[in-house]
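Q: no sequence on this one, just coordinates:
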């Protein structure tokens, strides 16, 4: 592979500056502050010059979101490195706790990635966080530790959406390098995975946005109790006391 030219290096450096400035605006002022005009003003260039790098604000935001996901994935990878490869339950706990910790430490980045409507569907397999999350989910599935609800207990009104979600899960998990046979990921299992994510995301979002019920003074303990219930409902073993670090 040939070495990049000076012009290519300069372009890459400017690109990094643009994205870093976008992150700075996001962290200091919120998602609404991330505009091409504001970034250009901070960098001392004209707004039209930014179109040499990004076709639109949405294009820039997409790349910033991927940078944020890469940082989250790096944090989770560090956490997972301390967990033996075969201990899938501890890996699940580590990801859930790491996701909550990161979200509380990075509320505005969380808002941009997980709470801002996007212009189109995200490709989980292309998202560094999604790859880690789905890779561990795939490992859990192939160990056959789960006890999902029977398919006939899934609400009929949800079956069509769950069929589509199941197909997407199989395809994206396969792209992480884990081969999950079709018969393992049943509709009941898909429903359980969806419920797991909704409950996990729901508590984290309530905490991040300061909407947790005021009567709950210790949200971390509440999170640990909820996490224990999620793991138990999935049929996975729990060998820790609540609130113990993985």
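A: That came in fine, so what should we check first? Given the structure is predicted, the values throughout are model-derived calculations rather than measurements. Residues are numbered from 1 along each chain as shown.
Q: what separates the spatially most central residue of the chain from residue 102, distance-wise?
A: Nearest to the mean C-alpha position of the chain, counting by Cα atoms, centre = their mean, stands residue 129 at 4.7 Å. The gap separating residue 129 from residue 102 is 9 Å, by Cβ to Cβ, to the nearest Å. All C-beta spots, glycine's among them, are computed from the backbone N, C-alpha and C.
Q: Spit out the residues that contact these two alike.
A: Common neighbours of residue 129 and residue 102, counting by Cβ atoms under 8 Å, 6 or more residues apart in numbering, are 72, 76.
Q: Where does residue 102 sit, in terms of helix or strand?
A: For residue 102, the host element (DSSP states H and E) is helix 88-105.
Q: For the next helix or strand after that helix, name the packing helices and strands.
A: For helix 88-105, the succeeding helix or strand toward the C-terminus, using DSSP H and E, is helix 107-114. The elements that helix 107-114 packs onto, with contact taken as 3 or more Cβ pairs under 8 Å, 6 or more residues apart in numbering; DSSP states H and E, are helix 6-29, helix 57-80, helix 88-105, helix 187-208.
Q: Can you say which of these is packed in most?
A: Sort the helices and strands packed on helix 107-114 by mean neighbour count, taking mean count of other Cβ atoms under 10 Å, and helix 88-105 sits at the top with a mean of 20.
Q: rounded to a whole number, what's the mean pLDDT of that one?
A: Helix 88-105 shows a mean pLDDT of 95 in the predicted model.
Q: I'd assumed residue 184 was in contact with residue 169.
A: No - using Cβ atoms under 8 Å, residue 169 makes no contact with residue 184, being 11.0 Å away.
Q: Look at these two and report which has more neighbours.
A: The neighbour count for residue 169 versus residue 184, taken as other Cβ atoms under 10 Å, is higher for residue 169 (22 against 15).
Q: got JSON lines for the helices and strands packed on helix 107-114, with distance to residue 114 too?
A: Shown next, in JSON lines, are the helices and strands packed on helix 107-114 (distance: least, Cβ to Cβ, whole Å):
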{"stretch": "helix 6-29", "distance to residue 114": "13"}
{"stretch": "helix 57-80", "distance to residue 114": "9"}
{"stretch": "helix 88-105", "distance to residue 114": "8"}
{"stretch": "helix 187-208", "distance to residue 114": "7"}
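Q: By mean pLDDT, flag the weakest helix or strand of this protein.
A: For the chain, using mean pLDDT, DSSP states H and E, the weakest element among its helices and strands is helix 128-142, scoring a mean of 86.
Q: Could you give me the buried positions within that helix?
A: By 16 or more other Cβ atoms under 10 Å, the buried positions in helix 128-142 come out as 128-141.
Q: Would you check which pair of these lies furthest apart?
A: Largest separation among the buried residues of helix 128-142 by Cβ to Cβ: 128 and 141, giving 20.6 Å.
Q: what about residue 143, distance to residue 236?
A: Counting by Cβ to Cβ - residue 143 and residue 236 are separated by 9 Å.
Q: More neighbours: which of the two?
A: Using other Cβ under 10 Å as the criterion, residue 143 and residue 236 rank with residue 236 on top: 17 against 13.
Q: which element is the more buried one on?
A: Using DSSP H and E, residue 236 falls outside every helix and strand.
Q: roughly how far apart are it and residue 187?
A: 19 Å.
Q: what does residue 132 give?
A: 25 Å.
Q: go on, residue 92?
A: Counting by Cβ to Cβ - residue 92 and residue 187 are separated by 21 Å.
Q: for residue 33, same thing?
A: From residue 33 to residue 187 the distance is 43 Å (Cβ to Cβ).
Q: thinking residue 4 is in contact with residue 13, fair?
A: No - if you go by Cβ under 8 Å, residue 4 and residue 13 don't touch, sitting 10.7 Å apart.
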